[in-house]
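Asks: everything below, folded, please.
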Amino acid sequence: MEANRLKRIHYYFRLGLTNNEMITALSELDNITLSKRHLKRLMGNEGLFRRKNHSDLLDVAIYMYNELERSGKLHGYRWFHHKLRNNGYNIDRETVRNLLKLLDPEGVELRRRRRLRRRNYNGIGPNFVWHIDSYDKLKPFGICINGCIDGFSRHVLWVEAYKTSSDPRLIAGYYINTVGRIGRCPRIVRADLGTENSSVRDMQMFLRRNGRDRHAAQRSFLYGRSTSNQRIEFWWSILRKQCTEFWINLFSNLRDVETAFDGSYLDKDLIQFCFLNTIQEELDNTVLQWNTHRISRSRLHPGPFGRPTMMYFAPRTYLTRDFSNHVEPDELEVCREECRFKDDFPCSQEVFELCCVLMNEQNWLPPTSPQEAVDLYLYLREAIRNLLRVR
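Replies: Sure, this is the predicted structure:
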């Protein structure tokens, strides 16, 4: 019990939560009750300090340098500071700002804040509306992304990269995995008119068929234009700014400068084989940063403010409640049987097996960085094209 309590305190500290937020999270999510004084004493005993015991500056600089070789070059100093905290570094924000100016002066100079005045969106509480959409900016290169965000809290529920985002059963698999994880379904799901959302529509209506509120059954699913799905469209702009712009530029360089991508099925399969796992890791990391960062109060965007994960899991703090609906295990299993889930093959099975053979012959290891993935892609592309020419 004590070990688990300390483990959760360490975890919430790394997420950057304040003491009050940690007390709320421990109470709401872990059923652990602590006073503020007791929490401070435990944190002191564990060496968890925010204003002292800072991490070694060289270690922080090396971490930032490595991240700047990836999509980290898109981050501002606030996002970088939060990312460092989530990865176990104790450092103040001003030091991060100065380090970023030294390590990436060009990026600091080019980065600009752009604000759009949008219509106001006000959700009533977590799990009242889930917004689902697909992100197509990497689709020309074979990387298909689908995501879902809670309308009230802006807590991102899933962002998945795979070889397709057009299969209704696959999108339903993302939905059912999330419903199974939290044990409840939302009151309403909102998505665009694409056929890829048809299975989610049917499952949401099935799970809500016996509801007694005015959004039950057929009213529990809303269709609308993708461009007017404001919550998820805003999230896609964050994702591009903090993550996918890096990959768009990398793949565009392969196509336009290296002339090593022509949009063929083979090239897309190789992109999936070499990059999909790395991209998914970056997406997961970006989701973690977003869900645990603090949304500041703004006169341009009225609504609840705070950390998305706190607004989602501790709604009483924001004078609202959870609007999700209970799902029976047997109902969930019925839905699972109609779903498709991501398998072990990031690309077609034939290309996957051929790539594994070629890698083993030349003692290639799975890539751990974007540059290693590029090198592997170029090697596999040339090797397979040579095999095809011989035949």
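Asks: show me where the stretch 251-391 of the chain has strands.
Replies: Along the stretch 251-391 of the chain, counting by DSSP state E, counting those that start in this stretch, strands occupy 325-326.
Asks: over to the stretch 51-200 of the chain?
Replies: Going by DSSP E, counting those that start in this stretch, the stretch 51-200 of the chain shows strands at 129-135, 144-150, 156-162, 184-185, 188-191.
Asks: can you redo those as JSON lines with distance to His293?
Replies: Every C-beta, even on glycine, is put in place using the N, C-alpha and C of the backbone. Output for the strands of the stretch 51-200 of the chain, formatted as JSON lines (distance: least, CB to CB, whole Å):
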{"stretch": "strand 129-135", "distance to His293": "19"}
{"stretch": "strand 144-150", "distance to His293": "14"}
{"stretch": "strand 156-162", "distance to His293": "11"}
{"stretch": "strand 184-185", "distance to His293": "25"}
{"stretch": "strand 188-191", "distance to His293": "24"}
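Asks: who wins for proximity to Asn87 among the ones you listed?
Replies: strand 156-162 (18.6 Å; CB to CB).
Asks: got the contact list for that closest one?
Replies: With CB atoms under 8 Å, 6 or more residues apart in numbering as the test, strand 156-162 has contacts from 130, 138, 143-150, 170, 174, 177-178, 235, 239, 276, 279-280, 283-284, 286-287, 290-291, 308, 342, 346.
Asks: which of the residues you listed are buried?
Replies: 130, 138, 143-150, 170, 174, 177-178, 235, 239, 276, 279-280, 283, 286-287, 290-291, 308, 342, 346 (16 or more other CB atoms under 10 Å).
Asks: just to revisit the earlier point, can you flag which of the contacts of strand 156-162 belong to helices?
Replies: Using DSSP state H, the members of those that fall in helices are 170, 174, 177-178, 235, 239, 276, 279-280, 283-284, 286-287, 290-291, 308.
Asks: got the domain ranges for this structure?
Replies: As assigned by automatic domain parsing, the chain contains the domains 1-53, 57-113, 129-263+282-336.
Asks: export those to a markdown table and append columns for mean pLDDT and distance to Thr368.
Replies: Below are the domains of the chain laid out as a markdown table (pLDDT from 0 to 100; distance: least, CB to CB, whole Å):
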| stretch | mean pLDDT | distance to Thr368 |
| --- | --- | --- |
| domain 1-53 | 88 | 23 |
| domain 57-113 | 86 | 11 |
| domain 129-263+282-336 | 93 | 12 |
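Asks: tell me which of those sits most buried.
Replies: Mean neighbours per residue, mean count of other CB atoms under 10 Å, is largest over the domains of the chain for domain 129-263+282-336, with a mean of 18.
Asks: what distance separates the start and the end of it?
Replies: Domain 129-263+282-336 has an end-to-end distance of 22 Å (criterion: CA to CA, to the nearest Å).
Asks: now find how far off-centre that domain is within its chain.
Replies: Centroid separation between domain 129-263+282-336 and its chain, computed with CA atoms, centre = their mean, to the nearest Å, is 9 Å.
Asks: ok, and the closest non-adjacent residue to Arg97?
Replies: Closest residue to Arg97 apart from its sequence neighbours, by CB to CB, 6 or more residues apart in numbering: Tyr77 at 4.0 Å.
Asks: pretty sure the one you found is touching Val96, no?
Replies: Yes. Contact criterion CB atoms under 8 Å: Tyr77 and Val96 qualify, at 5.1 Å.
Asks: quick one: the closest residue in space to Gly47 that isn't next to it in sequence from Tyr89, how far?
Replies: Nearest non-adjacent residue to Gly47, counting by CB to CB, 6+ apart: Asn53, 6.1 Å away. Using CB to CB, to the nearest Å, Asn53 is found at 11 Å from Tyr89.
Asks: got the contact list for the residue nearest to the spatial centre of the chain?
Replies: Nearest residue to the geometric centre of the chain (CA atoms, centre = their mean): Val287, 3.0 Å. Val287 sits next to 156, 159 when contact means CB under 8 Å, 6+ apart.
Asks: same question, Cys148
Replies: Counting by CB under 8 Å, 6+ apart, Cys148 touches 130-133, 156-158, 174-175, 178, 232.
Asks: same question for Leu365.
Replies: Residues in contact with Leu365, defined by CB under 8 Å, 6+ apart, are Met359.
Asks: how about a cut-off of 10 Å?
Replies: Listed by CB atoms under 10 Å, 6 or more residues apart in numbering, the contact set of Leu365 reads 359, 372, 376.
Asks: swap in Cys347?
Replies: Cys347 touches 142, 163, 265-266, 268-274, 276, 355, counting by CB under 10 Å, 6+ apart.
Asks: quick one: it and Leu388, what's the gap?
Replies: Counting by CB to CB - Cys347 and Leu388 are separated by 16 Å.
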